[in-house]
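return atomic coordinates for the entry below.
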Amino acid sequence: MYNKYTKLLRYRIHIISISLLALLAFSVRSQDVHFSQFYASPLVVNPANSGHYQGELRLADIYRTQWFTMPIPYSTNAISLDKAIYLRKEKFGIGLLLVNDKSGDAELAVNKLFLNLAYHKLVQRQEFHIGIQAGMVNKNISANALTFPDQYNKLTGFYDPTFPSSDAGSPTTIYYPDINAGILWTGSFGDFKPEVGVSLYHLNTPGESFFGTGNQLKVRKSYYTIARFDLKGRLDIAPTILFTEHALASELIIGMGLTYEIGKTMGGFQHVYAGLYSRNGIKRNFDAAIIQTGISLRHFDIGLSYDLNVSELSTSTHNQGAIEFSLVYKKISSLAFQKSIPCERF
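Take a look at the predicted model:
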């Protein structure tokens, strides 16, 4: 009898521990998706980035998977397509953004579809950008993957999914509109090219409850700055800061990237990139060290990064954080920005 109750007690403690860990993980992930290579997901980090690049068309794809020691690792994928257009000598940007995020044993899935519109204005060596992003968000869970309190079998000490539950009829899918906006400033002062951006998300404060009431999303604010320096050669450095706050959650990414120009003699390879960053929260401890690397090959930018988890969850995750893969394709613009008149040479 003693062994029976001891095993039952250990089992309940084990269940409670896993539940607390899952709740902690869910509370972090429910604060919107994020990427360590945020520069490779331009329409995610700021709606004003739509059409802001050198080229005619840009296609970006970034995939993140993390916490491999959990039964179901969390994964996020974002795909964006944007294009610069010109109307009466004014530059605009249009774009499309798709986001898919999966997390937890309940198979919580978040799907987002956004349309982007941005306006870009060049004033001497400075460029001002403003953008808006609007679309629909779908969230759903798998009821078959959940167990409820009234499905607890007192005879066996386990949950029995065959037991009927009064919660089984709860909604498992919701939809809501979402509106985001951002502004961006870029400058070019010789070898110094700074960039500062501010973006606001959930401006319409939509409700995301599966029960139809409450849980209004608060406005999320994001600020970032990148200072690019040309070191009079083939090497560029770019100190970077990204700060995001949403309700009681906050995140700070700070670090530096280095880009080396290879030249045109290496079979299409143009640049190699390496970066070292840290992620932490203003109201919490150091979270992760981020190691990044990448290459530019013809029209493609290929990136890889790894988050080394050093937070309070590192014991459970064995310091395994997240891996990200990014791929950005840019089509060279066919528009002529300079006009010339052929003439005879004497």
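
those strands in the stretch 101-250 of the chain, which residues are they?
108-123, 126-140, 152-153, 158-159, 173-187, 192-201, 220-230, 235-246, 249-261 (DSSP state E, counting those that start in this stretch).

any chance of those strands in JSON lines, with mean neighbour count, distance to residue 55 and mean pLDDT too?
The C-beta positions use only the backbone N, C-alpha and C, and glycine is treated the same way. Shown next, in JSON lines, are these (neighbours: other Cβ atoms under 10 Å; distance: least, Cβ to Cβ, whole Å; pLDDT from 0 to 100):
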{"stretch": "strand 108-123", "mean neighbour count": "17", "distance to residue 55": "14", "mean pLDDT": "94"}
{"stretch": "strand 126-140", "mean neighbour count": "18", "distance to residue 55": "15", "mean pLDDT": "95"}
{"stretch": "strand 152-153", "mean neighbour count": "12", "distance to residue 55": "58", "mean pLDDT": "70"}
{"stretch": "strand 158-159", "mean neighbour count": "14", "distance to residue 55": "55", "mean pLDDT": "68"}
{"stretch": "strand 173-187", "mean neighbour count": "17", "distance to residue 55": "16", "mean pLDDT": "94"}
{"stretch": "strand 192-201", "mean neighbour count": "18", "distance to residue 55": "17", "mean pLDDT": "96"}
{"stretch": "strand 220-230", "mean neighbour count": "17", "distance to residue 55": "18", "mean pLDDT": "94"}
{"stretch": "strand 235-246", "mean neighbour count": "17", "distance to residue 55": "19", "mean pLDDT": "93"}
{"stretch": "strand 249-261", "mean neighbour count": "17", "distance to residue 55": "17", "mean pLDDT": "91"}
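
dump the ones you listed into JSON lines; add distance to residue 331 as well.
Shown next, in JSON lines, are the strands of the stretch 101-250 of the chain (distance: least, Cβ to Cβ, whole Å):
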{"stretch": "strand 108-123", "distance to residue 331": "17"}
{"stretch": "strand 126-140", "distance to residue 331": "20"}
{"stretch": "strand 152-153", "distance to residue 331": "58"}
{"stretch": "strand 158-159", "distance to residue 331": "54"}
{"stretch": "strand 173-187", "distance to residue 331": "21"}
{"stretch": "strand 192-201", "distance to residue 331": "22"}
{"stretch": "strand 220-230", "distance to residue 331": "23"}
{"stretch": "strand 235-246", "distance to residue 331": "23"}
{"stretch": "strand 249-261", "distance to residue 331": "21"}
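
sec struct for residue 44, please.
helix (DSSP: H, G, I helix; E, B strand; the rest coil).

nearest spatial neighbour of it, skipping sequence neighbours?
Excluding the flanking residues, the one nearest residue 44 by Cβ to Cβ, 6 or more residues apart in numbering is residue 78, at 5.4 Å.
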